[in-house]
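In: pasting the sequence and the predicted model now:
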Amino acid sequence: MNLPSADAVGRLAVLVLAGIVVWDAWWLTRQRRQVPELGPQPGGYAWSCSGAQEAIRQWGNLASMAAMLVLPWAFVRLSGTPAHWAILWDLLLSVHLVGLLAPKRYAITRSHLFADGQRYAWERLRLADRQPRARIMLHRRGWGPFGPLPLGAEREDLTQVRAWVAAALLGDDAWASMFEEE
């Protein structure tokens, strides 16, 4: 059986990871345009989250990335992969880690949630059965275990954000009540 060379596999892995890093960075650059102002908005609510809150939000991804930073080094010598591919891999993952920890902006409107530079329709989301204390956990419908969508918020914003999320998920009457409270 003819297997590709270790160099070709290393190159492919680094190219795929570079594509993911660029794709995620592009989405994150959109968040300032999508959510230019924070606080109550004419059609909803917008808030931001600090790097510390993003660490809480992304803890699972951070643990996975820590493993992904270390594991290639265990196989470099065994597979004969040139070390420069493992170095590039670690550099790209480090850039991605910075993106995960960067402060984010979020917004809620009657029809959509804006998070990570993307727009999610409420009918495609549901609240997780168990809610963590320091963040809000939504799930993307139809994604199964691969669909968690945690939302970060500063402690002083978390209660208000939970109310807005609940109102958006509950429907028109609950949504209208959010504007009566202002």
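Out: Arrived safely, thanks for sending. Numbering: from 1, shown residues only.
In: need the strands for the protein, in chain order.
Out: Assigned by DSSP state E, the strands in the chain fall at 39-41, 44-49, 104-109, 112-115, 118-121, 125-127, 136-140, 148-151.
In: okay if I get those strands as JSON lines plus mean pLDDT and mean neighbour count?
Out: Backbone N, C-alpha and C define where each C-beta goes, glycine included. Below are those laid out as JSON lines (pLDDT from 0 to 100; neighbours: other Cβ atoms under 10 Å):
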{"stretch": "strand 39-41", "mean pLDDT": "87", "mean neighbour count": "13"}
{"stretch": "strand 44-49", "mean pLDDT": "90", "mean neighbour count": "21"}
{"stretch": "strand 104-109", "mean pLDDT": "92", "mean neighbour count": "23"}
{"stretch": "strand 112-115", "mean pLDDT": "92", "mean neighbour count": "22"}
{"stretch": "strand 118-121", "mean pLDDT": "91", "mean neighbour count": "14"}
{"stretch": "strand 125-127", "mean pLDDT": "90", "mean neighbour count": "16"}
{"stretch": "strand 136-140", "mean pLDDT": "90", "mean neighbour count": "18"}
{"stretch": "strand 148-151", "mean pLDDT": "88", "mean neighbour count": "18"}
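In: which among the ones you listed is found nearest to Leu3?
Out: strand 148-151 (35.5 Å; Cβ to Cβ).
In: who does the closest one pair up with?
Out: strand 136-140 (antiparallel) (DSSP bridges).
In: picking up where we left off before, can you put the strands of the chain in TSV and add distance to Val165?
Out: Listed next are the strands of the chain as TSV, based on distance: least, Cβ to Cβ, whole Å:
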stretch	distance to Val165
strand 39-41	15
strand 44-49	9
strand 104-109	7
strand 112-115	8
strand 118-121	11
strand 125-127	7
strand 136-140	6
strand 148-151	7
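In: identify whichever of those lies nearest to Gln31.
Out: strand 104-109 (4.7 Å).
In: tell me how far Ala8 lies from Trp85.
Out: Distance, Ala8 to Trp85, using Cβ to Cβ, to the nearest Å: 10 Å.
In: got a list of what the residue nearest the centre of the chain touches?
Out: When Cα atoms, centre = their mean is applied to the chain, the residue found nearest the centroid is Asp116 (5.6 Å). Neighbouring residues of Asp116 by Cβ atoms under 8 Å, 6 or more residues apart in numbering: Trp27, Leu28, Gln31, Lys104.
In: what about those residues, which are in helices?
Out: Judged by DSSP state H, helices contain the following of the contacts of Asp116: Trp27, Leu28, Gln31.
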